[in-house]
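> predicted structure and sequence below. I'll ask about it afterward.
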Amino acid sequence: MSETSPETVSIRHDNQGSHGAYHATVPGEAAEGLLTWREASPGVVVADHTLVPGAIGGRGVAARLVEALIADARAQGWKIVPACSYVAAQFRRHPEWADLQA
């Protein structure tokens, strides 16, 4: 397994209005990481699933997906319900995000 720096993980946000997903890619790998969300109410999104295939696992991809969600929540004024266990664990590790938790 090779090391991947955070700068080499590319994140794309597919916003469908009431739901969406963050997609993560790593150069040279076909596998794609995914964090899905859905709107619970205006200004509140539920982070409901995070998946990182083994081919790109162990490289910080899941953390980058959550960081992208956090950045968008700050920029858009969203609150987040961390229904996904990984997202919930990241909230526990980052008390500075507490203001974003719904």
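Everything's here; your move.

> so which residues of this structure form helices?
61-76, 85-93 (DSSP state H).

> okay, buried residues for the shortest one please.
Spelled out, it's helix 85-93. Y86, V87, Q90, F91 (16 or more other Cβ atoms under 10 Å). Backbone N, C-alpha and C define where each C-beta goes, glycine included.

> can you tell me which of the residues you listed is nearest A63?
Distances from A63 to these, taken as Cβ to Cβ, are shortest for Q90 (6.9 Å).

> apart from its neighbours in sequence, what residue is nearest the closest one?
Nearest residue to Q90, sequence neighbours excluded (Cβ to Cβ, 6 or more residues apart in numbering): V66, at 4.7 Å.

> ok, now how distant is that neighbour from P53?
Counting by Cβ to Cβ, to the nearest Å, the separation of V66 from P53 is 17 Å.

> show me which of those two is the more surrounded one.
V66 (24 against 13; other Cβ atoms under 10 Å).

> test my guess that that one contacts L35.
Yes. Using Cβ atoms under 8 Å, V66 is in contact with L35, at 6.7 Å.

> if I look at A73, how far off is N15?
13 Å.

> and these two? Which one has more around it.
Using other Cβ under 10 Å, the more surrounded residue of A73 and N15 is A73, with 22 against 12.

> which residues does the residue nearest to Q90 contact?
Shown in contact with V66 (Cβ atoms under 8 Å, 6 or more residues apart in numbering): L35, A47, T50, Y86, V87, Q90.

> quick check: it vs G28, distance?
23 Å.

> again, but for A88
Distance from A88 to G28, counting by Cβ to Cβ: 31 Å.

> which of the buried residues of helix 85-93 sits closest to Y22?
Nearest member of the buried residues of helix 85-93 to Y22, counting by Cβ to Cβ, is V87, at 11.0 Å.

> contacts only, for the closest one.
V87 touches L35, A47, T50, V66, L69, I80, counting by Cβ under 8 Å, 6+ apart.

> next: E32.
By Cβ under 8 Å, 6+ apart, the residues touching E32 are H23, A24, T25, P53, I56.

> any idea what V45 is bridged to?
Beta-bridge partners of V45, counted by DSSP bridges, are E39, I80.
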